[in-house]
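Engineer: Only the shape, not the letters, is given here:
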């Protein structure tokens, strides 16, 4: 096996690891409100989300093509550049998960790749027009649009059911919420799993393993591996972020949860159809916040909402900075197998240390979500 093949193997392994972190980081997107309202028990919720993430990864490949060819110049990209970007993305995912912050795995990945590419080849290798039109504009518009539509939709739902007994309405809407959250999980797999497919494809193109340009297509094995990785990550459950999104932004009731999830799923699926690597986290967070505005007498915790927005603003530059730093470290160590392997070893050690620290401080899923420090206890959240 040549040194180029070793580097490619490390890049693929790291990309799959990112896909796994994407899964547990973004479990909250689909299931946080469903768990918080008691529509599903935690273990059942993440199992359903994992299965639908896997299925969703096979629906479309347009987002993968955007990541592979629409963000940076593939002609100057090497597997080592991609590896540096992946480490930047994983670092940001782990940091925000630790603090329970629902940030964008998508933007972390794009930021890491852009930062590493900039360090390797300068600004000329960055496709600014593609980043602005397919990343930045959707990033700014999608949470606002989702929030406004969710606010209006939830308001109309509560107007329609105001003459019904609240307990009966909430009980019946829990079934609808299961359907809407399942659609979000399917949409998440469709959009987010493709981003890792695009990165692996970019590495394969850089290595000469597959053709780019008009003949580009994502290899079947890449689709299957990425679908499995994001599903497994989803099944582990990112309970810290589920707590934030399910209980700290707004007290979520079943009709409200249904409205926010239905809007989020629609926006995500539409963006996947046109090939935009949308942040599912931003869409869901915007919809959840909007649902709190639309529900009469709901209390939105704007301090937590602002904290989430600050995380969004930091994601691209922070991941880009780490990606650039990682490439520089690889370059200092020779730019080959030694540099990539050394950075990989450091990343594994750091991730293991974080995992050990989490085991020492983690609480069980029912403890994490059932007692809401801002809005009081949530209903029926015992473990399955």
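Structural biologist: That came in fine, so what should we check first? The shown structure was predicted, so the numbers you read here are calculated from the model rather than taken from an experiment.

Engineer: Only C-alpha atoms from now on, for both contacts and neighbour counts.
Structural biologist: Will do.

Engineer: Contacts for stretch 340-357 next, please.
Structural biologist: In this structure, residues lying in contact with stretch 340-357 by CA atoms under 8 Å, 6 or more residues apart in numbering are 7, 10, 80, 83, 87, 326, 329-330.

Engineer: now it: mean pLDDT?
Structural biologist: Across stretch 340-357, pLDDT averages out at 87.

Engineer: ranges for the helices of the stretch 101-250 of the chain?
Structural biologist: Using DSSP state H, counting those that start in this stretch, the helices of the stretch 101-250 of the chain run over residues 105-121, 128-131, 137-160, 166-206, 220-236, 239-243.

Engineer: Residue 293 is nearest to which of the ones you listed?
Structural biologist: In terms of CA to CA, the element of the helices of the stretch 101-250 of the chain nearest to residue 293 is helix 137-160, at 5.6 Å.

Engineer: And that closest one, what's buried?
Structural biologist: With burial defined by 16 or more other CA atoms under 10 Å, the residues of helix 137-160 counted as buried are 138-139, 142-155, 157-158.

Engineer: sorry, back to before: and of the contacts of stretch 340-357, the nearest to residue 23?
Structural biologist: Of all the contacts of stretch 340-357, residue 87 has the smallest distance to residue 23: 16.2 Å, by CA to CA.

Engineer: Is it possible to get CSV of the helices of the stretch 101-250 of the chain that adds mean pLDDT and distance to residue 47?
Structural biologist: Rendered in CSV, the data for the helices of the stretch 101-250 of the chain read as follows (pLDDT from 0 to 100; distance: least, CA to CA, whole Å):
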stretch, mean pLDDT, distance to residue 47
helix 105-121, 89, 20
helix 128-131, 83, 34
helix 137-160, 87, 26
helix 166-206, 83, 11
helix 220-236, 91, 6
helix 239-243, 70, 14
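
Engineer: how about those, which one is nearest residue 20?
Structural biologist: Comparing the helices of the stretch 101-250 of the chain by their distance to residue 20 (CA to CA), the top pick is helix 220-236, with 4.4 Å.

Engineer: just checking, what packs against the closest one?
Structural biologist: The criterion is 3 or more CA pairs under 8 Å, 6 or more residues apart in numbering; DSSP states H and E, and the helices and strands that helix 220-236 contacts are helix 3-36, helix 42-56, helix 166-206.

Engineer: what residues are up against the residue lying farthest from the centre of the chain?
Structural biologist: For the chain, the C-alpha lying farthest from the average C-alpha position belongs to residue 163; by CA atoms, centre = their mean, that distance is 38.4 Å. Residue 163 is in contact with no residue at all, counting by CA under 8 Å, 6+ apart.

Engineer: How much space separates it from residue 177?
Structural biologist: The span separating residue 163 from residue 177 equals 20 Å under the rule CA to CA, to the nearest Å.

Engineer: likewise residue 226?
Structural biologist: When CA to CA is the yardstick, residue 226 and residue 177 sit 27 Å from each other.

Engineer: repeat for residue 142
Structural biologist: 21 Å.

Engineer: ditto for residue 232
Structural biologist: The span separating residue 232 from residue 177 equals 23 Å under the rule CA to CA.

Engineer: Those two - which one has more neighbours?
Structural biologist: In this comparison of residue 232 against residue 177, neighbours counted by other CA atoms under 10 Å, the higher total goes to residue 177 at 28 against 22.

Engineer: contacting residues for the nearest residue to residue 262 once chain neighbours are set aside?
Structural biologist: Counting by CA to CA, 6 or more residues apart in numbering, the nearest residue to residue 262 once its immediate chain neighbours are dropped is residue 180, at 5.2 Å. Shown here is residue 180, whose contacts under the criterion CA under 8 Å, 6+ apart are 258, 261-262, 265.

Engineer: if we go to 6 Å?
Structural biologist: For residue 180, the contact set (CA atoms under 6 Å, 6 or more residues apart in numbering) comprises 258, 261-262.

Engineer: ok, now residue 291?
Structural biologist: Contacts here follow CA under 6 Å, 6+ apart; on that basis residue 291 touches 150-151, 154, 256, 260.

Engineer: which of these lies closest to residue 112?
Structural biologist: For residue 112, the closest of these turns out to be residue 260, at 29.9 Å, with distances computed as CA to CA.

Engineer: Quick check: pLDDT value at the closest one.
Structural biologist: What the model reports for residue 260 is a pLDDT of 83.

Engineer: and the strand or helix carrying it, what does it pack onto?
Structural biologist: Assigned by DSSP states H and E, residue 260 belongs to helix 254-274. Packing contacts for helix 254-274, counted by 3 or more CA pairs under 6 Å, 6 or more residues apart in numbering; DSSP states H and E, involve helix 137-160, helix 166-206, helix 280-294.

Engineer: For the spatially closest residue to residue 142 that is not a sequence neighbour, grab the count of nearby residues.
Structural biologist: Here the nearest residue to residue 142 in space, its sequence neighbours aside, is residue 283; by CA to CA, 6+ apart that works out to 5.8 Å. Burial of residue 283, expressed as a neighbour count using other CA under 10 Å, amounts to 28.

Engineer: Poorly predicted segments of the stretch 1-150 of the chain, please.
Structural biologist: In the prediction, the stretch 1-150 of the chain carries residues with pLDDT under 70 at positions 1, 28, 61, 65, 68-69.

Engineer: contacts for stretch 22-37?
Structural biologist: Residues contacting stretch 22-37 (CA under 6 Å, 6+ apart): 41-42, 105, 181, 184-185, 230, 233-234, 236-238, 242, 246, 253-254, 257, 281, 284.

Engineer: just to revisit the earlier point, out of the contacts of stretch 340-357, which one sits closest to residue 115?
Structural biologist: Ranked by distance to residue 115 (CA to CA), those are led by residue 326 at 9.4 Å.
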